[in-house]
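[1] take a look and give me a structure for this.
(chains A and B)
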There are 2 protein chains.
Amino acid sequence: MADLVRFDVATEPRCPFALGRGALAELAQLESRYSSSFAVTDATVAKLHGQRIGLATRAHLLLPAGEAAKSFAHLEALLEAMARARLDRQSLVVAFGGGSIGDTAGLAAALYMRGIAVVQCPTTLLAMADSAIGGKTAIDLAAGKNLAGAFHSPIAVLADTDTLATLPAEQVASGLGEVLKCALLAGERELAFVEQHAESLRAGDSAALARAIEFCARLKASIVARDPRESGERKQLNLGHTFAHAIEHVAGYGRIPHGVAVGCGLALACAASERASTLADQELAARVRKILAHLGLCSSIAELEARYACTLDRAALVEAMALDKKNRSGVVRLVLPIAAGDVARDVFALPQDLRELLV
Amino acid sequence: MADLVRFDVATEPRCPFALGRGALAELAQLESRYSSSFAVTDATVAKLHGQRIGLATRAHLLLPAGEAAKSFAHLEALLEAMARARLDRQSLVVAFGGGSIGDTAGLAAALYMRGIAVVQCPTTLLAMADSAIGGKTAIDLAAGKNLAGAFHSPIAVLADTDTLATLPAEQVASGLGEVLKCALLAGERELAFVEQHAESLRAGDSAALARAIEFCARLKASIVARDPRESGERKQLNLGHTFAHAIEHVAGYGRIPHGVAVGCGLALACAASERASTLADQELAARVRKILAHLGLCSSIAELEARYACTLDRAALVEAMALDKKNRSGVVRLVLPIAAGDVARDVFALPQDLRELLV
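    As a prediction, this is how the structure comes out:
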């Protein structure tokens, strides 16, 4: 295990992060500290990677793949299955899959007996680079994505890059949307890395992906440690997300992958920043659009509509943005890029201005 | 408002508790600090006391009365209604009703956008004396009561004793089960008060009830402040509850009122304590049974079966106790009385011993 990248997310309690090939081999030792464990995954991950955690011989539940898992019905079914498996307060939940599995299993762990331990074992680029870190969990309401949830830090994150080998191109692209977001937040060095390695990242090159995951995870860990409850600094991680959540909501959850929507949201946030005169680096908007294209992602609503064969009603998008969790009293608040490594938080936006951006 | 009893529950953040006639008049001032508010109640409370909070002209949702409210379906409906009402992170949930309303509304507040503020406005003796204080929220699973929940402290508790005037005798008796539990935990002075005022408490005498609520609330506040997450001392508040939860589960939630089940649980805990040689005060078991009778409560499973016209399968009761949240690895742990004001926590019990107590 000497070749794993390791660092701690300094939450309370601290959360060790282990990244690299074979990281899942550490699960058994973690589990030995708990009275029992229960795994949550989906059928695809179970088939492709179940043997990595000995799934066949352990208590587990399969949820649907993707955003469909994040419903009240599946949360309830999971909690009932955990109760039938006799989990107690010293039991461990093993979230084994992408971001949706991590979100739903993490929330179930937060709620079961008012909170038991969870270990996040992300199997997608998006989950390794972003969602498995920091303790945010949630399911979706009809009214919007991630509207019901809890902060519940995992006891550890085991990001085994061996699981990325089977990831479909669409899922790689989705993860790269979050990677680009992190690069924009981290600074010029990381943005240049993504720019220069766009093709190999898109092709799923494991060395390039591991480097990207590492800088994303380190960035997120440092921000989350300083602001675990998203009262200030952590809000910057929502760059592009107000647009993305509206896109996913209007398209119908699961139709457009989260990271693809985030990618488009980054281009729209750059455009909004230009319009609000918040953008200091005048090249940034065009540069982001170019990187998005190289990563196989979209820069406009029209592009998304064409690729996913759907219509994204502009008025409905604006309406959905008004319900974003970051808003107060119906005024839309955006995180906007200023330059690589610099963002403005809590920038107010008017519905008519937003609508004009949604081309 | 000079005649209200006031003290703070020293949770983080602190939670002011106001008790007395007209306490609900303070709601308007509390609400002025929030961007919007949303009330949760049931049809009976709405009809009898809705005008006290101007329910007709405010955003609200009616849930079923009693334990039936504490389901996934109602939690989901409530969260969706909150989203349709456009609650944001600065909004306030007003939980207006008995313990089940407080539990469900409190959990919805804990989950909505990962946590917004809730003010608990209890309208029953049980909720004022116990459940509105301390931030425990939960709903029931098919596998057991309160198995899915969160710790979420209210921003304040407004216990308006005017609402107790309409409380049915069965609900008064139920509240008195928790009052007797608190008296047993608090000490000889409180136990003697309940013993000497059993008839007036049972008759709903407002002065006697207010005194009882005050000592219960102060006891709970002091324990919760020292152990908000129930890692040690707070467990004593579960006195009688392992039995009570099993009784409610086997009878079917809602059939036997919670406090009535707790009352019976106290008699069974005394019996278990005698059997385990944990009971120091040899008079206590008989004394508790006598007080229960004077309060209109039951001391045995057979008495409950007769009063509620149901059969409580003894094996099913033992089975349900094994799933109690306090247990580890299937071993049942009980809180047992030693004497007035003194309990033993984490006493192990064997299924066959439990079964013999359930007469």
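
[2] per-residue confidence at the residue of the stretch 201-350 of chain A found nearest chain B?
    Residue nearest to chain B within the stretch 201-350 of chain A: A:K325 (4.4 Å; C-beta to the nearest C-beta). C-beta here means a position set from N, CA and C on the backbone, and glycine is covered the same way. On the pLDDT scale, A:K325 is placed at 70.

[3] could you find the closest non-adjacent residue to it?
    B:M113 (4.4 Å; C-beta to C-beta, 6 or more residues apart in numbering or on different chains).

[4] count of residues packed around that neighbour?
    23 (other C-beta atoms under 10 Å in any protein chain shown).

[5] and if you look at A:A285?
    20.

[6] for it, which non-adjacent residue is closest in space?
    Nearest one to A:A285, counting by C-beta to C-beta, 6+ apart, is A:C270 at 3.9 Å.

[7] write out the residues of chain A neighbouring chain B.
    Residues of chain A lying close to chain B by C-beta under 8 Å from any C-beta of the partner chain are A:35-36, A:72, A:75-76, A:79-80, A:83-84, A:86, A:88-90, A:110-115, A:136, A:138, A:141-144, A:147-151, A:230, A:323, A:325-330.

[8] among those, which are located in helices?
    Applying DSSP state H to the residues of chain A next to chain B, the entries found in helices are A:F72, A:L75, A:E76, A:L79, A:E80, A:A83, A:R84, A:A110, A:L111.

[9] would you mind checking these for buried ones?
    A:F72, A:L75, A:E76, A:L79, A:E80, A:A83, A:A110, A:L111 (16 or more other C-beta atoms under 10 Å in any protein chain shown).

[10] how about these in CSV, adding pLDDT?
    What follows is those, written out as CSV (pLDDT from 0 to 100):
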residue, pLDDT
A:F72, 96
A:L75, 98
A:E76, 98
A:L79, 98
A:E80, 98
A:A83, 95
A:A110, 98
A:L111, 98
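
[11] which of those lies closest to chain B?
    A:A83 (3.4 Å).

[12] low-scoring stretches of chain A, by residue?
    For chain A, the stretches with pLDDT under 70 are A:1-2, A:326, A:328-330.

[13] just list the residues touching the residue lying closest to A:L141 once chain neighbours are set aside, thanks.
    In space, A:L141 comes closest to A:L147 once its chain neighbours are excluded; the distance is 4.2 Å by C-beta to C-beta, 6+ apart. When contacts are counted by C-beta atoms under 8 Å, 6 or more residues apart in numbering or on different chains, A:L147 is found next to A:A138, A:D140, A:L141, A:K325, B:L79, B:A83, B:Y112, B:M113.

[14] so the last one sits against A:L323, correct?
    No. In this structure B:M113 lies outside contact range of A:L323 using C-beta atoms under 8 Å: 10.0 Å.

[15] what separates stretch A:268-286 from the chain centre, distance-wise?
    Distance of stretch A:268-286 from the chain centroid (C-alpha atoms, centre = their mean, to the nearest Å) equals 24 Å.

[16] same check on stretch A:136-155?
    For stretch A:136-155, the distance to the chain centre is 12 Å (C-alpha atoms, centre = their mean).

[17] how many neighbours does A:A117 have?
    21.

[18] how far away is it from B:G97?
    33 Å (C-beta to C-beta, to the nearest Å).

[19] A:L92 contacts A:Q29, correct?
    No. In this structure, A:L92 is not within contact of A:Q29 by C-beta under 8 Å, at 12.0 Å.

[20] that's all I had, so thanks and see you.
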